[in-house]
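> Predicted model and sequence below, questions to follow.
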Amino acid sequence: MREVADVVVVGGPADGRTATVVLDDRGQPPAELHPGEIDVVGDGLYVRAAVAGSGPPWTYHWQAATS
């Protein structure tokens, strides 16, 4: 069974939600999440950031698309 983690989402259309993500072989969550992966609509994506050092814990921060 693959390990999962609950990661807090900051900013953008899913602000304040928690995303449940599958960890990779190194125990890291995906580097990016698209809004549709957490059931919201938005023009941008969420980028992983470590809260302290290289994590855990992590957060996903909104990065709006540039035109």
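Received the coordinates, thanks.

> where are the low-confidence patches of the protein?
Within the chain, the segments meeting pLDDT under 70 span 1, 67.

> ok, now with 90
Confidence mapping of the chain against pLDDT under 90 gives the ranges 1-2, 50-57, 66-67.

> can you give me the strands in it?
Listed in chain order, the strands of the chain (DSSP state E) span residues 4-10, 18-22, 32-33, 44-50, 58-64.

> Need the nearest residue in space to the spatially most central residue of the chain, chain neighbours excluded.
With distances taken as CA atoms, centre = their mean, the residue of the chain nearest its centroid is residue 60 (3.6 Å). Nearest residue to residue 60, sequence neighbours excluded (CB to CB, 6 or more residues apart in numbering): residue 46, at 3.7 Å. Where you see a C-beta, it was placed from the backbone N, CA and C, and this is true even at glycine.

> do residue 16 as well
Using CB to CB, 6+ apart and skipping the chain neighbours, the partner closest in space to residue 16 is residue 9 (7.1 Å).

> Other residues contacting stretch 28-48?
Stretch 28-48 has contacts (CB atoms under 8 Å, 6 or more residues apart in numbering) with 5, 7, 9, 12-14, 17, 19, 21-24, 55, 58-65.
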